[in-house]
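Undergrad: Sequence first, predicted coordinates after that:
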Amino acid sequence: NLTWAYATLGRMPGDETWAALETAAVRVAPNMNSQEVANLTWAYATLGRMPGDETWAALEKAAVRVAPDMTSQGVTNLTWAYATLGRMPGEETWAALDTAALRMAPDVDSLDVAQLISAYATLGRMPGEETWAELDAAALRLAPDMDLLDVANLISAYAALEKMPG
């Protein structure tokens with residue numbers, strides 16, 4: 001939560017604080033819930049700081065464990081964080097996030113579907129076929145309620161993924 005607070009405030013912790021936060025993240029990751037995993041990874045991405053290897057491994061393991069419990073915002077924020085950090089999730093994490101995205105697609109809101117599809121485009125990787133079909137249907141269903149930024153991001157993402165809506 002402390003790393004999330006720094007990111008929310010737009011403040012970069014000092015080196016000594018980072019070291020302590022990294023150590024704490026590795027220690028608590030096995031007990032994090034889905035919101036905490038998404039928030040911490042989002043915080044790293046927001047601050048533009050790649051987690052250390054040990055922290056990254058702990059977060060990946062935690063993401064796989066909690067993905068079945070993630071909300072649409074959690075799936076979106078976590079996938080966005082990977083895309084923003086420019087780091088592809090490991091195969092097990094990718095599969096867990098894909099399954100979570102498929103589960104939440106029917107109930108996703110317009111912001112989450114636009115951001116999630118944009119994150120896939122940034123990563124340069126398509127979700128599974130069934131997941132894509134559900135997200136594409138959600139995007140079409142929700143497009144009339146999207147703001148201009150979400151529409152622009154969605155159009156850009158479809159182009160980057162070389163897909164046509166529908």
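TA: That came in fine, so what should we check first? Numbering: from 1, shown residues only.
Undergrad: Not including adjacent chain positions, what is the nearest residue to Pro30?
TA: If you skip the residues right next to it in sequence, Pro30 has Ala62 as its closest partner in space, 6.8 Å away by C-beta to C-beta, 6 or more residues apart in numbering. Just so you know, the C-beta spots here come from the backbone N, C-alpha and C atoms, and that holds for glycine as well.
Undergrad: Now do that neighbour, the pLDDT please.
TA: According to the model's per-residue confidence, Ala62 sits at a pLDDT of 98.
Undergrad: where's the helix or strand of the chain with the lowest mean pLDDT relative to the chain centroid, distance-wise?
TA: Of all the helices and strands that make up the chain, helix 2-9 has the lowest average by mean pLDDT, DSSP states H and E, namely a mean of 89. Averaged C-alpha coordinates place helix 2-9 at 17 Å from its chain's average position (C-alpha atoms, centre = their mean, to the nearest Å).
Undergrad: what do you get for stretch 23-37?
TA: Going by C-alpha atoms, centre = their mean, the spacing between the C-alpha centre of stretch 23-37 and its chain's C-alpha centre is 16 Å.
Undergrad: Please point out which parts of it sit buried.
TA: When neighbours are counted by 16 or more other C-beta atoms under 10 Å, the buried residues of stretch 23-37 are found to be 25-26, 29, 32, 34-37.
Undergrad: Residues touching that stretch, excluding its own?
TA: Outside stretch 23-37, the residues within contact range by C-beta atoms under 8 Å, 6 or more residues apart in numbering are 1-3, 40, 51, 54-55, 58-59, 61-63, 66-67, 69-71, 74, 78.
Undergrad: Buried ones among these?
TA: If you count burial by 16+ other C-beta under 10 Å, the buried members of those come out as 3, 40, 51, 55, 58-59, 61-63, 66-67, 70-71, 74, 78.
Undergrad: Return the subset of these lying in strands.
TA: Counting by DSSP state E, the buried ones among the contacts of stretch 23-37 place none of their members in strands.
Undergrad: where exactly do the helices run in the protein?
TA: Secondary structure of the chain (DSSP state H): helices at 2-9, 15-28, 34-47, 53-66, 72-85, 91-104, 110-123, 129-142, 148-160.
Undergrad: Distance to Gly166 for those helices - can I get that in JSON lines?
TA: As requested, the helices of the chain are exported to JSON lines (distance: least, C-beta to C-beta, whole Å):
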{"stretch": "helix 2-9", "distance to Gly166": "36"}
{"stretch": "helix 15-28", "distance to Gly166": "41"}
{"stretch": "helix 34-47", "distance to Gly166": "30"}
{"stretch": "helix 53-66", "distance to Gly166": "31"}
{"stretch": "helix 72-85", "distance to Gly166": "21"}
{"stretch": "helix 91-104", "distance to Gly166": "18"}
{"stretch": "helix 110-123", "distance to Gly166": "13"}
{"stretch": "helix 129-142", "distance to Gly166": "6"}
{"stretch": "helix 148-160", "distance to Gly166": "10"}
